[in-house]
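In: Have a look at this fold, sequence not included:
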């Protein structure tokens, strides 16, 4: 897991606390808000600004697909504020590589013109324009084009449906296959479109997500339970800690250690690892947790060996 945001911290841009794996969200224009929404589920959801193009962008720790079977997956729940009319590519979502030009505020329209990636889109208002997957090269804002003119469609198509204002689930999975082929799979409520893209690929490294509604008249959407997962997450590297947390498996009492192993599991030896805040940036979980770890220096956490 490299990203997970249920918006329980009541914030879309909280970088130092709240949801442990939450990521900051920014808009192409307007202001998004976090608000309760009973129709999409309990708790909070992110509400995008009402517009004919209502887009949100977020970045996460980079995931690189290096071997056959590696994947990265984006999944989220959503619903429209008003039932959208039938329109080609009215809902779009993708995973991208920023190449170091980061989005750090709303209404930054030039930082993403060099970004590349893959994604899926659907007609949210009916069956006419179907569901498709795409590749998007550099040169313009991501997810752009009134009719998805900036998106290069490939592979087969799938059914689309009128989504109305009820809750739905979208999923995008990018999987590296043999020979450097990338499989792109887009799903809306269990209906999946899958296609493959042969080398040379635009990228196999991803650190950005984008979701937009492109509708007429103007509309907004609620977003919740967003996750970015992978089977190739970066590992934690421990080096030169300056302060941190002590994790330990406590030793059994001396009398218990003398007991025969036939009476139960063998006691684990004491192992103590001090994880410093300076060494935590190698994993997404650690990077999100680091500010709070510094505030609880040398806290001891223990569990029983079994």
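Out: Looks like it came in fine. Please read these numbers as outputs of a predicted model, since none were measured by experiment.

In: What residues does residue 157 make contact with?
Out: By C-beta atoms under 8 Å, 6 or more residues apart in numbering, the contact list for residue 157 reads 130, 131, 132, 193. To be clear about C-beta, it is placed using only N, CA and C from the backbone, and glycine gets the same treatment.

In: what's the domain layout of this protein?
Out: 3-230, 244-302 (automatic domain parsing).

In: just for this structure, where's the confidence low?
Out: 14-20, 145-149, 234-306 (pLDDT under 70).

In: Report the buried residues of the helix or strand where residue 207 lies.
Out: According to DSSP states H and E, residue 207 maps onto strand 205-219. Of the residues in strand 205-219, 206, 207, 208, 209, 210, 211, 212, 213, 214, 215, 219 count as buried by neighbour count, 16 or more other C-beta atoms under 10 Å.

In: can you check stretch 136-147 too?
Out: Applying 16+ other C-beta under 10 Å to stretch 136-147 flags 136, 141, 142, 143, 144, 145 as buried.

In: got it, and stretch 22-40?
Out: By neighbour count on 16+ other C-beta under 10 Å, the buried set for stretch 22-40 is 22, 23, 24, 25, 26, 27, 28, 30, 32, 34, 37, 40.

In: Among those, which one lies nearest to residue 181?
Out: Residue 181 lies nearest to residue 23 out of the buried residues of stretch 22-40, by C-beta to C-beta, at 28.8 Å.

In: excluding its backbone neighbours, what's nearest residue 201?
Out: residue 182 (5.4 Å; C-beta to C-beta, 6 or more residues apart in numbering).

In: Burial check on the one you found, number of neighbours?
Out: Using other C-beta atoms under 10 Å, residue 182 has 20 other residues around it.

In: So what sits opposite the residue positioned nearest the centre of the chain in the bridge?
Out: Nearest to the geometric centre of the chain sits residue 228, at 2.9 Å (C-alpha atoms, centre = their mean). Per DSSP bridges, residues listed as beta-bridge partners of residue 228: residue 3, residue 74.

In: Quick check: it touching residue 60?
Out: Yes. Checked against C-beta atoms under 8 Å, the pair residue 228 and residue 60 is within contact range at 5.3 Å.

In: Now for the two: what residues contact both?
Out: With C-beta under 8 Å, 6+ apart as the test, residue 228 and residue 60 both reach 2, 3, 209.

In: if I look at the last one, how far off is residue 92?
Out: The spacing between residue 209 and residue 92, counted by C-beta to C-beta, to the nearest Å, is 11 Å.

In: same thing with the first one?
Out: In this structure, residue 2 and residue 92 are 21 Å apart, going by C-beta to C-beta.

In: quick one on the thing from earlier: identify, out of the domains of the chain, the most deeply packed stretch.
Out: Of those, the one with the most neighbours on average (mean count of other C-beta atoms under 10 Å) is domain 3-230, at a mean of 19.

In: Please tell me how far that domain is from the chain's geometric centre.
Out: Distance of domain 3-230 from the chain centroid (C-alpha atoms, centre = their mean, to the nearest Å) equals 9 Å.

In: wait, what's in contact with residue 128?
Out: Contacts of residue 128 by C-beta under 8 Å, 6+ apart are 86, 88, 160.

In: next one: phi and psi at it?
Out: phi -70, psi -50 (degrees, to the nearest 10).

In: hang on, the earlier thing: pick the one among the contacts of residue 128 closest to residue 9.
Out: Among those, and counting by C-beta to C-beta, the member closest to residue 9 is residue 160, at 33.9 Å.

In: which phi and psi does that closest one have?
Out: Taking degrees, to the nearest 10 as the convention, residue 160 sits at phi -120, psi 170.

In: So it sits against residue 124, correct?
Out: Yes. Here residue 160 reaches residue 124: they are 7.4 Å apart, a contact under C-beta under 8 Å.

In: related to what we said a few turns ago, for the residue nearest to the centre of the chain, give me its contacts.
Out: With C-beta under 8 Å, 6+ apart, residue 228 has these contacts: 1, 2, 3, 4, 60, 63, 72, 73, 74, 95, 209.

In: Show me where the chain has its helices.
Out: For the chain, the helices defined by DSSP state H cover 254-257, 284-294.

In: circling back: make a markdown table out of the contacts of residue 228 and add distance to residue 152.
Out: Listed next are the contacts of residue 228 as a markdown table, based on distance: C-beta to C-beta, whole Å:
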| residue | distance to residue 152 |
| --- | --- |
| 1 | 30 |
| 2 | 26 |
| 3 | 26 |
| 4 | 30 |
| 60 | 24 |
| 63 | 22 |
| 72 | 20 |
| 73 | 21 |
| 74 | 19 |
| 95 | 15 |
| 209 | 19 |
